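Enquirer: based on what follows, work out the 3D shape:
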Amino acid sequence: MINPDTLPPLTTETLWAILNEELADDTVNQLVWHHLGYRYDPASQTWDTQAVDPDWAEKYPEPPDFIASRPATVQLTRAIPKPHKQLLKEVLGFKGYTVDQLIPRLTRRATMTNWLLSQMQASPPETVNP
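Expert: Model (predicted):
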């Protein structure tokens with residue numbers, strides 16, 4: 001499922017590609033899963049959650065589809081530290097979507113982008129790239 005070698009690096013360009021819908025939903029999900037710590041073991045065909053925060057692993061033993069799952073996206077929003085809640089605006093200068101673009105799929109992609117940006121802010125560059 002997740003091949004870290006094929007995931008895009010966690011860069012500003014990748015974040016803009018998520019916001020601009022230039023990356024497929026599956027790729028965006030997999031990028032978030034990877035940075036949450038989920039690892040797929042093809043031999044056992046199961047998810048290894050040893051590197052996943054225990055709260056996440058308990059609630060989601062398999063990584064959730066953030067595009068389809070409002071509860072998972074809400075939990076992701078809560079996982080963003082308070083000082084990082086406005087990073088899309090502060091760091092990327094993202095002005096948000098227009099009213100006609102306010103659909104769950106796009107707003108969830110923005111949440112995923114903000115969470116990834118929060119990870120970038122919290123991690124040294126060498127640990128950010130998959």
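Enquirer: what's the helix of greatest length in the chain packed up against?
Expert: Longest helix of the chain, by residue count under DSSP state H: helix 104-122. For helix 104-122, the elements it packs on are helix 12-19, helix 25-36, helix 70-78, helix 87-90, judged by 3 or more C-beta pairs under 8 Å, 6 or more residues apart in numbering; DSSP states H and E. The C-beta positions use only the backbone N, C-alpha and C, and glycine is treated the same way.
Enquirer: out of these, which gets nearest to residue 54?
Expert: Of all the helices and strands packed on helix 104-122, helix 25-36 sits nearest to residue 54, with 11.9 Å by C-beta to C-beta.
Enquirer: which of the residues in the closest one are buried?
Expert: 25, 27, 28, 29, 30, 31, 32, 33, 34, 35, 36 (16 or more other C-beta atoms under 10 Å).
Enquirer: tabulate these (CSV), appending distance to residue 99 and pLDDT.
Expert: Shown next, in CSV, are the buried residues of helix 25-36 (distance: C-beta to C-beta, whole Å; pLDDT from 0 to 100):
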residue, distance to residue 99, pLDDT
25, 22, 95
27, 27, 95
28, 23, 96
29, 26, 96
30, 30, 95
31, 28, 96
32, 26, 96
33, 31, 96
34, 33, 95
35, 31, 94
36, 31, 96
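Enquirer: just those now: which is nearest residue 19?
Expert: Taking these together and measuring to residue 19 by C-beta to C-beta, the closest member is residue 28, at 10.0 Å.
Enquirer: contacting residues for the closest one?
Expert: Going by C-beta atoms under 8 Å, 6 or more residues apart in numbering, residue 28 touches 18, 66, 67, 109, 112.
Enquirer: check residue 93 too.
Expert: Residue 93 neighbours (C-beta under 8 Å, 6+ apart): none.
Enquirer: count of neighbours near residue 18?
Expert: Using other C-beta atoms under 10 Å, residue 18 is surrounded by 21 other residues.
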